[in-house]
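Undergrad: Attaching a predicted model along with its sequence, questions to come.
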Amino acid sequence: MRRRFVTLALLIAVAAFFAAPREHALAADPPTITAVNPSSGTANAFVTVFGTGFQPGAMVIFGGTLSTSVSFVTTNQLNVQVPSTISGAIPVQVVNPDAQSASWTGFTYLGTPAGNNGSVWVAGINPGSGINGQPVHITGAGFEQGATVFFGSVSAENVVWMTRGYLMAYPPIGSGTVTVKVVNPNGQSATAPTSFTYTGTATGGTSTGSVVITSVSPGSVSAGTSVTISGSGFIVGATVSIGGYSATNVQVVASNLITAIAPAGPIGAVSVIVSNPGGQSGVFPGLSYGGATTTTTGSQPTVSSVSPTVGSSAGGTVVSISGAGFVAPATVTFGGVPGTSVTVVSPNLITATTPPGTVGTFGVLVSTPSGAVGGLISGFTYELAWPRVTSVSPSTGALTGGTTLTITGSGFAPGATVTIGGQAAATVSAVTPTQITVTTPAGPPGNATVLVTNPGGAISGLATAFQYSSTPQPQPQVPLPGATTTITGVTPSTGPSAGGTAISIYGTGFQSGASVTISGISVSATVVSSTQITAVTPAVSGTGSVTVTVTNPGAATVSLPSAFTYGGTSSGGTSGTSGGTTSPLPAGGGLFVFAGGTNAQLLAQSGCSASTAVFWTTDSKGAWIGYIPSVPVAVVNAAWMALFPTSIPAGTPIFARC
């Protein structure tokens, strides 16, 4: 009987832990998926996704393939068309515009699109025709590192693995129309739904034994030119001669790729010879040696290294890319996303700044103006972006909220959320790696901790950087361009805290598309004319006068303090108490900074009841760790105990639910 009770307690505890939100209570809750109906289907079938927290513009992904038709019905329902994807049991994922997501594992894909054997799938190839040695882009799903690509029965000269859904392959010498097949290292394979047609064949060479040279790039060289030799059968220790002279800096990158530096040689057509240590050799005729002038335009770029190889997922890391064949203006992509501030320092060096990205390792590609592309399979790794808050301006704001704050620091990632005094910022906008602009919610007098949370859970903040005050420092009123914009009054000017009051905002200079916040909360608004806007008040906790703000498109804000007064009683819950302690949390839970101490002291400071409280914080990697005081089952609290074996350090950000 006791064993059954412990098992039941464990199940309840785990369910409670995973059912509770992973973000602060007053931010937009992450979505959940409760069902997909029907729970199986084929390509182009329509299914209904049920759950909570869905937002307009949400994306739905089936087994890694994005649906192209998603209809938002309500926050609890999406109608979705199933794309072609991997057959069998697959995950369904909903991703909201704010980057919060949910997954469901109960869907079975019944279709079998062309090239899909249930584990790997080729969606298409681009271009569908060309010559050997040019890059062909292959998209699909389930591609593993080390995959081989066959054009007909011959393997590609080189395969660059970018992601599980993207490969780049260089066709071997061939002719006619051939199938394209991807084969993973475990033998699983898939064939593209369309064929590749050779429009011509690059000049190939002859071979003795097992060494074959299929192409040399660039086609015209001079002394000091970096040369890329493609083929097969190359062995470490191979030598290269060009026009009878030994090349220098010979590097056998792979069995099908060699790089070398051309020596001084005779002007005219010369042969390139690759000789393995065992005596086998391959010859490529017809390379043009151009004397003293080095030709780089149109050459195939190669990337040998990226430094540093690791950076923040918030972007902003300046990297140096070394290689050969770089020609301005070049483009650089990290995981398919273009970098910024790309500078071609020399034919062998590029500097670039990384864009924001997701955590993981991605390929780095360099493209020249001629369209030639080279890169590294796993050139750069994005690590979890740890934010650092250094300042908040202004340092004071109104009790009623509506103050525009500029948070300065580093490591801010797209999708970052902000809390002020444990409550969600009314709006979060203009997120850059070094600055975030937010609007404050209403708050009680005194210091309010400002916390920034990046996607993934990494948190940083300042405990006393902002203060709610009845006499805050004034915010400058910037005239809106093209007109004098004012708010002269709101009618009616009072209403219940439950919200729902239809109001008219009167003033001058209102423009089509203007947005409205009430007590710092964004509301739907209709611009009736340049002198009138209609809106509906949102629900708030408590009573009192609040600020109404109007923002014209592309312009500064204009606010009217104490424009509307809430006079009713909020229907929200109340914080729990313990031993007469008043909870520092918003109603029912939220995010606060713990003063430090034991688990018992944490419970006491939170003011929550021991029978209902649940706590979370993040570890050094940003993963969420939970603690449930009421459940004496070791496995539930094991990670928490490992993180805090003796006590919890002062200043630790804690999320609590009472």
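TA: Great, that's in hand. Numbers count the residues shown, from 1 in each chain.
Undergrad: What residue spans form the domains of this structure?
TA: With domains defined by automatic domain parsing, the chain comprises 1-18+573-658, 31-109, 121-198, 206-289, 302-383, 388-469, 486-566.
Undergrad: the strands in the stretch 351-500 of the chain, which residues?
TA: Remark: strands assigned in the stretch 351-500 of the chain by DSSP state E, counting those that start in this stretch are 360-367, 373-383, 388-393, 396-398, 404-410, 417-420, 423-424, 427-432, 435-439, 446-453, 459-469, 486-491, 494-495.
Undergrad: Compare the ones you listed and give me the one nearest residue 514.
TA: Nearest to residue 514 among the strands of the stretch 351-500 of the chain is strand 486-491 (11.0 Å), distances taken as C-beta to C-beta. Just so you know, the C-beta spots here come from the backbone N, C-alpha and C atoms, and that holds for glycine as well.
Undergrad: Note down every partner strand of that closest one and its orientation.
TA: strand 502-508 (antiparallel) (DSSP bridges).
Undergrad: hang on, the earlier thing: from the strands of the stretch 351-500 of the chain, which stretch is densest packed?
TA: Highest mean neighbour count of these: strand 417-420, a mean of 28 (counted as mean count of other C-beta atoms under 10 Å).
Undergrad: Return the distance of it from the chain's centre.
TA: With C-alpha atoms, centre = their mean, to the nearest Å as the basis, strand 417-420 stands 20 Å off its chain's centre.
Undergrad: pLDDT of it, averaged?
TA: The pLDDT scores in strand 417-420 average 85.
Undergrad: And for stretch 380-389?
TA: Averaging pLDDT along stretch 380-389 yields 78.
Undergrad: Give me the contact list for that stretch.
TA: Stretch 380-389 has contacts (C-beta atoms under 8 Å, 6 or more residues apart in numbering) with 306, 309-314, 319, 334-335, 354, 357-362, 364, 407-413, 416, 450-454, 456, 458-462, 465, 621-622.
Undergrad: any idea how far stretch 70-86 is from the chain center?
TA: Per C-alpha atoms, centre = their mean, the displacement of stretch 70-86 from the mean C-alpha position of its chain is 21 Å.
Undergrad: Just the buried residues of it, please?
TA: By 16 or more other C-beta atoms under 10 Å, the buried positions in stretch 70-86 come out as 70, 78, 80, 81, 82, 83, 84, 85, 86.
Undergrad: if we can go back for a sec, tell me which of the domains of the chain is the most buried.
TA: Counting by mean count of other C-beta under 10 Å, domain 388-469 has the highest mean neighbour count of those, with a mean of 21.
Undergrad: what about that one, how long is it end to end?
TA: Distance between the boundary residues of domain 388-469 (C-alpha to C-alpha, to the nearest Å) amounts to 25 Å.
Undergrad: again with stretch 60-70
TA: 7 Å.
Undergrad: so residue 637 sits in a strand?
TA: No. Read with DSSP: H, G, I helix; E, B strand; the rest coil, residue 637 is helix and lies in no strand.
Undergrad: Wait, it touches residue 628, no?
TA: Yes. With contact defined as C-beta atoms under 8 Å, residue 637 reaches residue 628; the gap is 6.5 Å.
Undergrad: in what helix or strand does residue 602 lie?
TA: Assigned by DSSP states H and E, residue 602 belongs to helix 599-606.
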